[in-house]
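In: return atomic coordinates for the entry below.
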Amino acid sequence: MSNAADPLGVDILAVTDIDPHFTLVWGQQNLQAALLRRISSPAGCMVAIGGDSDYGYDLPGQLNNDVSQSEMAGITAQVQREIDKDPRVQSNVPSLVLTGDS
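Out: Down below sits the predicted model:
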């Protein structure tokens with residue numbers, strides 16, 4: 001949620017869950033939390049509460065998967081598209097790193 005005083009909005013801190021102390025965050029911290037939630041939530045997770053069916057990308061669900069470089073490029077593109085859905089984002093260039101046991 002945004003307003004004229006802070007175009008990036010003010011909200012309760014909630015990345016993996018709602019902060020039990022209902023800590024408010026605003027500005028960059030609010031946007032960062034919102035983007036982390038967006039790329040940490042399964043696609044369509046908001047439908048059950050009447051939210052956007054196009055919200056979410058489960059990046060944590062990709063961890064520890066055996067992926068190729070081309071699959072990694074696809075995951076990076078999906079993360080970029082998901083972040084771009086937030087109207088407060090003007091542009092983004094995510095950088096994901098493929099690591100493994102070599």
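In: hang on, Val89 packs against Leu35?
Out: Yes - with contact defined as Cβ atoms under 8 Å, Val89 reaches Leu35; the gap is 7.4 Å. Every C-beta, even on glycine, is put in place using the N, C-alpha and C of the backbone.
In: more neighbours, these two?
Out: Ranked by neighbour count (other Cβ atoms under 10 Å), Val89 and Leu35 place Leu35 first, with 20 against 14.
In: can you tell me the element that one falls in?
Out: Per DSSP states H and E, Leu35 falls inside helix 27-38.
In: where in this protein is pLDDT low?
Out: Within the chain, the ranges that satisfy pLDDT under 70 run 1-4, 100-102.
In: give me the common contacts of Val89 and Leu35.
Out: Shared contacts of Val89 and Leu35, defined by Cβ atoms under 8 Å, 6 or more residues apart in numbering, comprise Ile83.
In: which residue ranges form the helices in this structure?
Out: Assigned by DSSP state H, the chain shows helices spanning 27-38, 69-84.
In: tell me which of these lies nearest to Leu8.
Out: helix 27-38 (4.8 Å; Cβ to Cβ).
In: the closest one packs against which elements?
Out: Helices and strands touching helix 27-38, by 3 or more Cβ pairs under 8 Å, 6 or more residues apart in numbering; DSSP states H and E, are strand 10-12, helix 69-84.
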